[in-house]
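>>> Predicted model and sequence follow; I will ask about them next.
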Amino acid sequence: MTPMEILGLIGMLLLVGSWVPQTLETVKKMKCPLNLEFILVYFVASTLLTVYAYAQRDWIFTTLNGLAAFQSGVNLYVKLFGR
């Protein structure tokens, strides 16, 4: 792994890790306090960036955006179908 890949990995872990507490709280309470428009745009953008990064064969950004799309997707699901 190159030094740049290590930097990318650290950045990915920090960024995805910042979503974890919110997603866990959302699942625990089955209620999402985030703005619906924000979650929707974030989910769509992360999904599109996942496809782009995959096409570029960039595993760090594919993983980052895939996990961001998953976590925002959980929040979106609860926002739409939760209590």
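Good, I have the coordinates.
>>> now Ile60: how far from Ala68?
Ile60 sits 12 Å away from Ala68, going by C-beta to C-beta, to the nearest Å. From N, CA and C alone the C-beta is placed, and that goes for glycine too.
>>> more neighbours, these two?
Between Ile60 and Ala68, Ala68 has the larger neighbour count (other C-beta atoms under 10 Å), namely 22 against 17.
>>> nearest residue to that one other than its sequence neighbours?
Counting by C-beta to C-beta, 6 or more residues apart in numbering, Ser46 is the residue found nearest to Ala68 once chain neighbours are left out, at 4.2 Å.
>>> Tell me the pLDDT of that neighbour.
Note on Ser46: pLDDT of 96.
>>> which is the next helix or strand following the longest helix seen in the chain?
For the chain, the helix with the greatest residue count under DSSP state H is helix 3-29. Using DSSP states H and E, the helix or strand that directly follows helix 3-29 along the chain is helix 36-55.
>>> and that next one, how far out from the chain's middle?
8 Å (C-alpha atoms, centre = their mean, to the nearest Å).
>>> Which neighbouring elements make contact with it?
Judged by 3 or more C-beta pairs under 8 Å, 6 or more residues apart in numbering; DSSP states H and E, the packing partners of helix 36-55 are helix 59-81.
>>> Now for the residue nearest in space to the middle of the chain: which residues touch it?
What sits nearest the mean C-alpha location of the chain, by C-alpha atoms, centre = their mean, is Ala68, with 0.9 Å. By C-beta atoms under 8 Å, 6 or more residues apart in numbering, Ala68 lies in contact with Leu15, Val16, Trp19, Tyr42, Ser46.
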